[in-house]
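>>> Take this sequence and fold it.
(chains A, B, C and D)
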Protein chains: 2
Amino acid sequence: MRSENNPAGQKRSFIEEARRAQIVAAAIDTIAEVGYPNASLARIAEEAGVSKGVISYHFAGKDELMDQLVTGVYTEIAESVVPRLLAQDNAADMLRAHVRGVAAYALEHRSRMAALAQIFIHALRPDGSPRYGAGESEPLYESLEGLYREGQRSGEFRDFDVRAMAVTQQSATDGMFEYWRVHPDHDLMAHAAELGEQLVRATRAD
Amino acid sequence: MRSENNPAGQKRSFIEEARRAQIVAAAIDTIAEVGYPNASLARIAEEAGVSKGVISYHFAGKDELMDQLVTGVYTEIAESVVPRLLAQDNAADMLRAHVRGVAAYALEHRSRMAALAQIFIHALRPDGSPRYGAGESEPLYESLEGLYREGQRSGEFRDFDVRAMAVTQQSATDGMFEYWRVHPDHDLMAHAAELGEQLVRATRAD
DNA sequence: TTATTTTCTGACCGCATGGCCAGAATCTAA
DNA sequence: TTAGATTCTGGCCATGCGGTCAGAAAATAA
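Numbers count the residues shown, from 1 in each chain, chains lettered A, B, ... in the order given. Next comes the predicted model:
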């Protein structure tokens, strides 16, 4: 049995890694297609073309599957967006690059972003509090506040409440993706450009 | 049996109205407390202090219960916010009044707003599309676009995309409430003032 | 009072879920 | 070839869901 807890980076066989990746990919496609609440393990297994027990064999449970998925996509987004940020030389352009970078990633990896947004919104702890969203620990979220403070220090941004602004940017971005998920023909990049402009105007000193 | 469809305003007995109101109130408290996905009919019935069958007796199903709840709270919000809007004489102040008005309502009727936000986010149609949110038919949503256009016509607002701005305002407001739901000690009115300022700066001509 | 309608209860149904597991199949190594 | 570890299958389990229903209880009418 491979699904014992794996606290220290226990070596995993090649085939095991491959299966895990395959299942995560199937979970992404399933969630993007039918939404998180309808993405049962049975449907994910069917999408992956394996039996349901395989998921239980390779993952401790649905939660670990979701953790894996979220971590993987988060990392990929960061790897795609951070270089774009570093290429900018002022806070306003970094803000624009952030929004457009995430949108560009979403355009290229539609189902991954859709799945992430679904999990972000729908995955709850037993007590009803969100499992991933609305906290203060997500990497993207923290990086926003750092960006704002940097702009404030340089005098480029006005002296707004960084927490409120981060909540606004985060949820406005999520809202943009959700709108795009429901209206697939919506022009995402144009919307992202608009949102970038909104944020620049909301933050800049004047 | 009273739960037959009631298309033309069939007269309902006093006790029936009272029961319906009681159940809706219990649904609001339950959803606000444990979140929509955990708010089963059994839990709502328990909260109301009646047996589960009573809900089925007075409502055609869970969907009708939610419709009733959403409609009721929406109406109450509109009655509370619209007068504040009409008291303003320019678009920017109306924007601020809108955000602060909704926040003030939320502060006074915390669980109603929390329940509404939960339903907005989590209630799905069988095909996975949102049942209330992210469409273009909700009263609050439509009124936003009208407000923007009015400001643009008067020259007070710049020429932004009203759809993108409405999505931003709607989701930023929802995000604010969700953050407040998870962090009850958060200063909602201060956040609302910040959000109002953000929106005014994002929309105004210059 | 009795007869009738309205309201309520608690048990039950079919279904889907996440998870579990005995045994079969497959791969690996001696 | 053979023994042992790994991986997979398909059925099973307990749980909780929304919804239904026969019959008890309560309110109302005659």
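
>>> For the rest of this, base every contact and every neighbour count on C-alpha atoms.
Fine.

>>> now the helix-or-strand element of chain A with minimal mean pLDDT: how far from the chain's centre is it?
Taking mean pLDDT, DSSP states H and E as the measure, helix A:139-153 is the helix or strand of chain A with the lowest mean score, a mean of 87. Between the mean C-alpha location of helix A:139-153 and the chain-wide mean there is a distance of 17 Å, by Cα atoms, centre = their mean, to the nearest Å.

>>> The helix or strand that that helix is followed by to helix B:162-182, inter-axis angle?
Using DSSP states H and E, the helix or strand that follows helix A:139-153 towards the C-terminus is helix A:162-182. Interaxial angle of helix A:162-182 relative to helix B:162-182 (axes from the mean of the first three to the mean of the last three Cα atoms, to 10 degrees): 120 degrees.

>>> Tell me if helix A:162-182 is near chain B.
Yes: applying Cα under 8 Å from any Cα of the partner chain, one finds helix A:162-182 in contact with chain B at A:164-165, A:167-169, A:171-176, A:178-179, A:182.

>>> contact partners of the least confident helix or strand of chain A?
The contact list for helix A:139-153 (Cα atoms under 8 Å, 6 or more residues apart in numbering or on different chains) reads A:78, A:90-92, A:94-95, A:136, A:157-159, A:162-163, A:166, A:170.

>>> Buried only: go through the residues you listed for me.
Neighbour counting by 16 or more other Cα atoms under 10 Å in any protein chain shown classes A:A78, A:A91, A:A92, A:M94, A:L95, A:F157, A:R158, A:V162, A:R163, A:A166, A:Q170 among these as buried.

>>> rewinding a little: could the residues of helix A:162-182 next to chain B go into TSV alongside distance to DNA strand C?
What follows is the residues of helix A:162-182 next to chain B, written out as TSV (distance: Cα to the nearest atom of the strand, whole Å):
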residue	distance to DNA strand C
A:A164	34
A:M165	34
A:V167	29
A:T168	31
A:Q169	30
A:S171	26
A:A172	28
A:T173	27
A:D174	23
A:G175	25
A:M176	27
A:E178	22
A:Y179	25
A:V182	21
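
>>> Which members of those residues are classed as buried?
Taking 16+ other Cα under 10 Å as the criterion, what is buried in the residues of helix A:162-182 next to chain B is A:164-165, A:167-169, A:171-176, A:178-179.

>>> can you give me the helices in chain A?
Assignment of helices within chain A using DSSP state H yields the ranges A:14-34, A:41-48, A:52-58, A:62-86, A:91-108, A:110-122, A:139-153, A:162-182, A:188-203.

>>> circling back: what's the lowest-pLDDT member of the contacts of helix A:139-153?
Taking pLDDT as the measure, the contacts of helix A:139-153 have their low point at A:E136 (53).

>>> and A:D185, how many neighbours?
Under the neighbour criterion other Cα atoms under 10 Å in any protein chain shown, A:D185 is assigned a count of 8.

>>> What does it show for phi and psi?
As for A:D185, its main-chain torsions (degrees, to the nearest 10) stand at phi -90, psi 0.

>>> Could you report the separation of it from A:A115?
18 Å (Cα to Cα, to the nearest Å).

>>> Domains in chain A, by residue range?
Described in terms of automatic domain parsing, the domain architecture of chain A consists of the residue ranges A:12-59, A:70-203.

>>> Quickly check: the longest one near DNA strand D or not.
No: against DNA strand D, domain A:70-203 shows no contacts by Cα under 7 Å from any atom of the strand, the least distance being 11.0 Å.

>>> How far away from the center of its chain is that domain?
Domain A:70-203 sits 9 Å away from the centroid of its parent chain (Cα atoms, centre = their mean).

>>> any low-confidence regions in chain A?
In the predicted model, chain A carries pLDDT under 70 at residues A:1-13, A:134-140.

>>> Flag every residue of it that's near chain B.
Contact residues, chain A versus chain B (Cα under 8 Å from any Cα): A:34-35, A:37-38, A:121-122, A:127-129, A:134-135, A:160-161, A:164-165, A:167-169, A:171-176, A:178-179, A:182, A:191, A:194-195, A:197-203.

>>> again, only using 7 Å
Of all the residues in chain A, those in contact range of chain B (Cα under 7 Å from any Cα of the partner chain) are A:34-35, A:127-129, A:134, A:164, A:167-168, A:171-172, A:175-176, A:179, A:182, A:191, A:194, A:198-199, A:201-202.

>>> Report the distance from stretch A:199-206 to the chain centre.
The chain centre lies 25 Å from the centre of stretch A:199-206; the measure is Cα atoms, centre = their mean.

>>> Residues in contact with that stretch: which ones?
Taking Cα atoms under 7 Å, 6 or more residues apart in numbering or on different chains as the criterion, the residues outside stretch A:199-206 that touch it are A:A92, A:L95, A:E156, A:F157, A:R158, B:Q198, B:L199, B:R201, B:A202.

>>> Report the buried residues of that stretch.
Neighbour-count burial for stretch A:199-206 [16+ other Cα under 10 Å]: A:L199, A:V200, A:R201, A:A202, A:T203, A:R204.

>>> Quick check: the gap between the third one and B:E156.
Pointing back at A:R201 there. The span separating A:R201 from B:E156 equals 15 Å under the rule Cα to Cα.

>>> and A:H122, what is it in contact with?
Applying Cα under 7 Å, 6+ apart, one finds that A:H122 lies in contact with A:Y36.

>>> try 10 Å
A:35-37, A:116, A:128-133, B:37, B:121-122 (Cα atoms under 10 Å, 6 or more residues apart in numbering or on different chains).

>>> any idea how far DNA strand D is from A:N38?
When distances are taken as Cα to the nearest atom of the strand, to the nearest Å, A:N38 and DNA strand D turn out to be 13 Å apart.

>>> now do A:S129
Applying Cα to the nearest atom of the strand, the value for A:S129 to DNA strand D is 16 Å.
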